[in-house]
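Asker: Okay, here's the prediction I keep looking at, along with the sequence it came from:
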Amino acid sequence: MSRILQTPSVHRITPLPPNLENTIEFSYTDTQTVKNRAIITDNSNGEIIYDKAQNTRELKHIIPANTLTPGKNYLLRIQVFDSDNNSSNLSDQTLFYCYSPPVFLIKDLPNKSVLSKANVVLSIDYTQSEEEQLKNVQFIKYSYDKTPIAKSPMIYTGLFSYEFCTLENNSTYFFRAVGETIHGIPLDTGYIEVSTQFETIPTNIVFTLENMYCEGYIEFISNIIIVPYKIENDNYKIEDGLLTMWDNALTYWGFSLEGDFALFIEAKKLPLNKTFFTTNDNLLSLSIVEVCGEFYCRLTLKDSDYKLYAPFPTPILGTDDKRIIVTGLNQYIELVSTIYDDEHLFVFELKRKNGYYTLKVYQRKETEVSV
Amino acid sequence: MIFCGTTFCSGRYSLTPPAVNIPVILSITVFDGVYNQIFLTTNMDITIEKSGWTTGTILNAEFTNSLDAGNSFFSLANTDHLVIRRRELGTQKWTVIHVQKIESKDSFKLRIKDTYARAGVEYEYSVSSYLNGVENNYIIQNVYSDFSGFYITDKDCLYGTVYNIDNCDTSRNIVNQTLGLLNSKYMNVVSNSDLNYESGQISGTLLKMNDSKTKADQNATISYRNQFKDRLANKKPLILKVHDGRIWMIKVVESINDTSLGHKDLREIGFSWVEIGDVNDMRTLYMNGFSDVDSRWWT
């Protein structure tokens, strides 16, 4: 003789993603079930979009992927059956939502970043396709062994941002943000590892090693500075510390210079009336030009009539072993020259300070000999 | 107008260059010619005679043997993998602790915690560049490794304490059988096993202090103690190292004890362990999940 089984009770359902299988759990305390049936109704129009039974003894029902549409809410009812074909009534309707998985990240703080300051401001990068809003966020700071050190208060409104201060130098921390949306989607960024290093390693040090006595490990930090470069073709050779190029161009990049700088190019055999140096977009260019029989290095700025000329140094008297001859009053003995000297190395020094450019041409200081 | 070297009819600042836009420089290009050096820096006090890698240097190309302009002989052109190795000073065998695939200049920036270094030892670390499997450059530096207390560690965690450490007494275990023969006055010892491993017990008090290091932080201590026990109990291999220089690859056996020492903040955690592998063997480290360095780099 059939009887009615106890009515099951569905647990709270957090918003379900549409593109994954979702497991619905329920409570029930009568005879062993062998089958359960789930009915899902679209709450906006009462249409039944899912009505299936599954043979299982477990108190759960698996909704196949792509059954639900994101942005909608649904009502769910469960019915159970035992081996004698007895069934329960349908459970009370349980409301639940379907939302696409949101993106929840700590902004501008990639894993394993290095901070150069003792404080860090954390903010949230959150997007969700159906515009499900954030309800609350909390930021947590952990020590190197993931022990919680500090927590922000629960933030409900505003920019969802918080500042942690008093980070110690040469230390490792983890940061994490947790939160919830207004319909209960749990959010967690996971642990973001961060190191602090307030002092800059000198640039001539390729890597450092430090014994962390109180933490029990050796810390290795590399400081290899690479400057990417590109050479147009094989028309170059390097011999005796000199680079010779013909029908070619060599470009260095990978940096960003916004303020003052000093550029030194020591070179020879630079072609006349032709740019031998330029920057990105030809913002600055250097060339060797002849003006009224004398030779100058000229600086040109893009989209500007501004030009700067620096004369080549006047030839001076020297010895065969490259020592300069000076008079008893310590003055160079200058010679008149009307030819372009491309046989000797000259230093082209271009500086920019507070927006003003200076340009000089000279040779490296040699030993001076008095006569 | 300039006349006899002075501005004749104009003002005092007529020759001052006008303020110009300050474009951002992202790259520099040089063309045909013979170059001895290209040096770019933000340090305005430097001269070419003192050029080199100092504060503010952006690039320094000296064309000694290559077109590189960085602070070392490593470059994107000669490196597809950067290999970090370690060995004890005075020994020959290197252990590769990290291999970094080089894809951009940022790949050269590394920060590694070597938690498998034992105490009281001078180590040599080397950084080598490899191209197509061939080493072409390396730099070596030394560091003295030391710590107090004991630590358990694996690839993802490091737990330890300096408080109330016991002596970590161990046993070296071998298996054999004694046989009394009818025709011999003495016993015969037969060993049919290669077993030869260490085992022991260790205990200590785990404590977390507050930020000002003036007293114990009870909640942090409880959390840390639970994480420590969770790690001991998760059945995965660990490396145990103690302040006197001993180190083993172990697994925890039997129960983990948590005993009161008479104060609510002082509890002693103790456990028994057995040695399961050679802590210096790269294959063993990889197979037990302590290292990501695969067989291509094993020595």
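Answerer: Yep, that arrived. Keep in mind the model is a prediction, meaning the values are calculated, not measured.

Asker: Give me the neighbour count for the closest residue to chain A within the stretch 151-299 of chain B.
Answerer: Closest contact between the stretch 151-299 of chain B and chain A, by CB to the nearest CB, is at residue B:151 (4.4 Å). (Glycine included, C-beta is placed from N, CA and C.) Applying other CB atoms under 10 Å in any protein chain shown, we find 26 residues neighbouring residue B:151.

Asker: I'd say it and residue A:216 touch.
Answerer: Yes - counting by CB atoms under 8 Å, residue B:151 touches residue A:216, with 4.4 Å between them.

Asker: residue ranges for the helices of the stretch 101-250 of chain B, please.
Answerer: All helices of the stretch 101-250 of chain B, identified by DSSP state H, counting those that start in this stretch, fall at B:218-233.

Asker: Can you list the low-confidence ranges for the stretch 101-250 of chain A?
Answerer: For the stretch 101-250 of chain A, the stretches with pLDDT under 70 are A:199-204.

Asker: when you scan stretch B:128-145, is anything in it near chain A?
Answerer: Yes - using CB under 8 Å from any CB of the partner chain, stretch B:128-145 reaches chain A at B:139, B:141, B:142, B:143, B:144, B:145.

Asker: quick one on the thing from earlier: now for residue B:151 and residue A:216: what residues contact both?
Answerer: Both residue B:151 and residue A:216 are contacted by B:115, B:158, B:160, B:241, under the criterion CB atoms under 8 Å, 6 or more residues apart in numbering or on different chains.

Asker: Please tell me how far residue A:51 sits from residue B:129.
Answerer: Residue A:51 is 65 Å from residue B:129, where distance means CB to CB, to the nearest Å.

Asker: Among the residues of stretch B:128-145 next to chain A, name the buried ones.
Answerer: Buried members of these, counted by 16 or more other CB atoms under 10 Å in any protein chain shown: B:139, B:143, B:145.

Asker: Which residue is the nearest non-sequential neighbour of residue 108?
Answerer: I'll assume chain A. Spatially, and ignoring its direct neighbours in sequence, residue A:108 is nearest to residue A:123 (7.8 Å; CB to CB, 6 or more residues apart in numbering or on different chains).

Asker: hmm, I had chain B in mind actually
Answerer: residue A:224 is the one closest to residue B:108 (CB to CB, 6+ apart), at 4.1 Å.

Asker: what does residue B:26 give?
Answerer: residue A:280 (4.5 Å).

Asker: And for residue B:216?
Answerer: Setting aside the residues directly before and after it, residue B:216 is nearest to residue B:265 in space (CB to CB, 6+ apart), at 4.3 Å.

Asker: per-residue confidence at that neighbour?
Answerer: Note on residue B:265: pLDDT of 82.

Asker: List the residues that contact it.
Answerer: B:207, B:216, B:218, B:221.

Asker: which two in those residues are spaced the farthest apart?
Answerer: Spatially, the most separated pair among the contacts of residue B:265 is B:207 and B:218, at 9.9 Å (CB to CB).

Asker: more neighbours, those two?
Answerer: For residue B:207 versus residue B:218, neighbours defined as other CB under 10 Å are more numerous around residue B:207 (19 against 13).

Asker: which residues does the residue nearest to residue A:108 bridge with?
Answerer: residue A:161 (DSSP bridges).

Asker: Pop the domain breakdown of chain B in here.
Answerer: Following automatic domain parsing, one gets these domains for chain B: B:1-71, B:81-145, B:150-297.

Asker: Figure out which of those domains is closest to residue A:3.
Answerer: Residue A:3 lies closest to domain B:150-297 among the domains of chain B, at 46.6 Å (CB to CB).

Asker: Check the offset of the closest one from the chain's centre.
Answerer: Put simply, domain B:150-297 sits 21 Å off its chain's centre (CA atoms, centre = their mean, to the nearest Å).

Asker: Out of the residues of stretch B:128-145 next to chain A, flag the one nearest to chain A.
Answerer: Nearest member of these to chain A, counting by CB to the nearest CB, is residue B:143, at 3.8 Å.

Asker: Residue B:115 versus the closest one, what's the distance?
Answerer: Applying CB to CB to residue B:143 and residue B:115 gives a distance of 14 Å.

Asker: Could you report the pLDDT at the most centrally placed residue in chain B?
Answerer: By CA atoms, centre = their mean, chain B has its centre lying nearest to residue B:114, at 3.0 Å. Per-residue confidence (pLDDT) for residue B:114: 95.

Asker: try residue B:172
Answerer: With respect to pLDDT, residue B:172 scores 95.

Asker: Give me the neighbour count for it.
Answerer: If we define neighbours as other CB under 10 Å, then residue B:172 has 10 of them.

Asker: now swap in the one 3 residues further on and tell me
Answerer: Residue B:175: 10 surrounding residues under other CB under 10 Å.

Asker: if you skip the residues just before and after it, what's nearest to it?
Answerer: The shortest distance from residue B:175 to any non-neighbouring residue, by CB to CB, 6+ apart, is to residue B:193 (4.2 Å).

Asker: ok, the one you found - contacts?
Answerer: B:174, B:175, B:176.

Asker: ok, residue 124 - contacts?
Answerer: No chain in the question, so chain A it is. By CB under 8 Å, 6+ apart, residue A:124 lies in contact with A:104, A:105, A:106, A:107, A:134, A:137, A:160, A:161, A:177, A:179.

Asker: switch to chain B, that's the one I care about
Answerer: Taking CB under 8 Å, 6+ apart, we find residue B:124 in contact with B:86, B:87, B:88, B:89, B:140, B:141, B:142.

Asker: name the helices or strands packed onto the host helix or strand of residue B:99?
Answerer: Taking DSSP states H and E as the definition, one finds residue B:99 inside strand B:95-101. For strand B:95-101, the packing partners by 3 or more CB pairs under 8 Å, 6 or more residues apart in numbering or on different chains; DSSP states H and E come out as strand B:81-88, strand B:111-114, helix B:282-287.

Asker: Go ahead and flag the most central residue of chain A.
Answerer: Taking CA atoms, centre = their mean, the centroid of chain A lies closest to residue A:110, which sits 6.4 Å from it.

Asker: ok, for that residue, nearest residue in space, not its chain neighbours?
Answerer: Nearest to residue A:110 is residue A:192, by CB to CB, 6+ apart, at 7.7 Å.

Asker: ok, how many other residues are close to the one you found?
Answerer: 19.

Asker: residue contacts, it?
Answerer: With CB under 8 Å, 6+ apart, residue A:192 has these contacts: A:106, A:109, A:110, A:111, A:113, A:174, A:175, A:176.

Asker: Please report how far the third one lies from chain B.
Answerer: It refers to residue A:110. Using CB to the nearest CB, to the nearest Å, we find residue A:110 at a distance of 11 Å from chain B.

Asker: Quick check: that residue is in a helix.
Answerer: No - looking at residue A:110 with DSSP: H, G, I helix; E, B strand; the rest coil, it is coil, so not inside a helix.

Asker: how close does it get to residue B:105?
Answerer: Using CB to CB, residue A:110 is found at 16 Å from residue B:105.
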